[in-house]
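Colleague: Predicted model, plus sequence, below.
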Amino acid sequence: MNVVGVIISGAVALVITVALTAVVRGLAPVIAARGGRRGPRRTVGTGVAVVLATTGVMLAAPRLGLPEPGFGVRLLLTASSAVAVLGLVKELRPVGARTELVLHAALAALVAAFSGLSPVAAVFGALLVVVLTHALQLLDGSDGTAAGVTVVLAAGLLTCAAVDHHPGTVLLLAVVAASVSGVLPYNWPPARVFYGSCGSRYTGFLLAGSVLLLLAGAPSGSAAWVSVPSLMAVALADLALVLLSRRKAGRSLLAPGQDHAVHRLRRLRLTPRGAAVTLILATAASTATATLIHTGVFHPAAGLALPAAVAVAVVALLRVPVYTPPAPRTDIRRKPTGAGLSQQAPAPSSTRHRPTVPGPTQQGAPEPKPGTPARTTAPHIAATRKSAEGRPADLAGDRR
């Protein structure tokens, strides 16, 4: 394995991503302004830079002296590019969730059919790719979460691929990790750019397809079917959390919502940066455990700890209310309407038009002393009093 070539390819992908991110940031307001004339404002995310950098470096890899990625990797790259195009279309115009799910399933079945798995394992693998793709793309609900989790997962899968001697998969995962790392500083909260559907779906499908390739090329007797899917424990926990909570609340399973793990952590008073760090650290812990199982350091039975931890986390986060509206404020005095208006006391008069001498209607006013010259009422006050005569008692005190 050409380690130096892999490192150079990753560095090139990182530089290209940073340069393209600046271009996308400049074009995003223009696209949003044009789209706002015909409907809701829509723009593109910096995931486009990740797609272009990853695809370009992988296509140029054989010309740089790196080994040929192989048919499975090239097919996965092509299918992921189609997923990215669909995500880009979704950023610019609405796309139905069912349509997107059907297209993802068709592309996953294509990748699984040529992965080298048995027919039964290929069906299970295609289902696994669809589930993992949607689980990873759902993490894009908060700044920095999807990109940070993607970098950690790519590093873990890269380690597993290197142990099993898959140079094409190692190169692909190294380029993906480097490309997403170029976007992460801009997407970290407070974010200057957003990741977008194009990038989250592209990297999600690539990582899920890489899991399938690792399972297909795993040596006999290895714990790949336990360790490799365990890398996705946090993403699968978030997916299970959303499905269970929406099923319990009677809500649509495919509609977007603010009920993911990152939103529930925000309800627990965590900052956006704190919620992202929490999920990234949890992903790093599960990735390290799964990698040690894959390399033989831990027994495969240690993988049972990850489902147990996922179950505890899901049950705990299900107790965080996300569908209840915020409590109404009780310190705001409501204005009376209708018949209640006539039951109110007279409104206080304005200080601008307050008479200097108490009138006869004011109860408890002191009488003027004998011998004190009487004061004349100003003309504008007299006119105001005259205009107030004959009005209802509840409005007579309003001098404005």
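Modeller: Arrived safely, thanks for sending. Residues are numbered from 1 along each chain as shown.

Colleague: What count of nearby residues applies to A121?
Modeller: The burial metric for A121, expressed as a neighbour count using other C-beta atoms under 10 Å, is 17. Yep, even glycine has a C-beta here, placed from its N, CA and C like the rest.

Colleague: tell me which residues in the helix or strand containing it are buried?
Modeller: Remark: A121 resides in helix 119-137, with elements defined by DSSP states H and E. By neighbour count with 16 or more other C-beta atoms under 10 Å, helix 119-137 contains the buried residues 121-122, 124-126, 128-137.

Colleague: Then stretch 90-102?
Modeller: So, applying 16+ other C-beta under 10 Å, buried residues of stretch 90-102: K90, E91, E100.

Colleague: Which one of the residues you listed is nearest to A147?
Modeller: E91 (16.1 Å; C-beta to C-beta).

Colleague: element containing L66?
Modeller: If you go by DSSP H and E, L66 is not part of any helix or strand.

Colleague: what sits against it?
Modeller: Under the criterion of C-beta atoms under 8 Å, 6 or more residues apart in numbering, the neighbours of L66 are N2, G5, V6, S9, L171.

Colleague: and what of V151?
Modeller: With contacts defined as C-beta under 8 Å, 6+ apart, the neighbours of V151 are A177, V180, S181, L184.

Colleague: Between these, which sits nearest A106?
Modeller: When the contacts of V151 are compared for distance to A106 (C-beta to C-beta), V180 comes out closest, at 25.5 Å.

Colleague: give me every residue that touches the closest one.
Modeller: With contact set as C-beta under 8 Å, 6+ apart, V180 has these partners: T17, V50, A147, T150, V151, A154, G199, T203.

Colleague: Just the mean pLDDT for the helix or strand where it lies, thanks.
Modeller: Secondary-structure element containing V180, defined by DSSP H and E: helix 167-187. Across helix 167-187, the average pLDDT comes to 93.

Colleague: And for stretch 261-278?
Modeller: Taken as a whole, stretch 261-278 carries a mean pLDDT of 92.

Colleague: list the buried ones in the host helix or strand of V312?
Modeller: When elements are assigned from DSSP H and E, V312 belongs to helix 305-318. For helix 305-318, burial by neighbour count (16+ other C-beta under 10 Å) applies to L306, A309, V310, A313, V314, L317.

Colleague: wouldn't the first one be in contact with L231 here?
Modeller: Right, the one you point to is L306. No. With contacts counted by C-beta atoms under 8 Å, L306 stays clear of L231, the gap being 9.3 Å.

Colleague: shaky segments in the chain?
Modeller: Applying pLDDT under 70 to the chain picks out residues 1, 28-44, 325-400.

Colleague: how about the helices in it?
Modeller: Listed in chain order, the helices of the chain (DSSP state H) span residues 3-38, 47-60, 71-92, 97-113, 119-137, 145-163, 167-187, 196-216, 224-230, 233-249, 261-267, 272-294, 305-318, 379-388.

Colleague: and N187, how many neighbours does it have?
Modeller: The criterion is other C-beta under 10 Å. On that basis, N187 has 26 neighbouring residues.

Colleague: whoops, F205 was the one
Modeller: Around F205 there are 30 other residues, counting by other C-beta under 10 Å.

Colleague: Go ahead and confirm it touches V131.
Modeller: No. Contact between F205 and V131 fails when scored by C-beta under 8 Å: they sit 11.7 Å apart.

Colleague: ok, back up a step: just curious, which of the buried residues of helix 305-318 is nearest to P272?
Modeller: Each of these was scored against P272 by C-beta to C-beta, and L317 proved nearest at 17.0 Å.

Colleague: so how many other residues sit close to the residue nearest to that closest one when sequence neighbours are not counted?
Modeller: On the basis of C-beta to C-beta, 6 or more residues apart in numbering, the spatially nearest residue to L317 that is not a chain neighbour turns out to be R264, at 4.8 Å. Neighbours of R264 under the rule other C-beta under 10 Å: 22.

Colleague: Could you check how far R264 is from F205?
Modeller: For R264, the distance to F205 equals 26 Å [C-beta to C-beta, to the nearest Å].

Colleague: do A161 as well
Modeller: If you measure A161 against F205 using C-beta to C-beta, the figure is 17 Å.

Colleague: need the contact list for the residue nearest to the spatial centre of the chain.
Modeller: In the chain, the residue lying closest to the centroid (C-alpha atoms, centre = their mean) is G141, at 0.9 Å. Contacts for G141 were tallied using C-beta under 8 Å, 6+ apart; they are Q258, H260, V262, H263.
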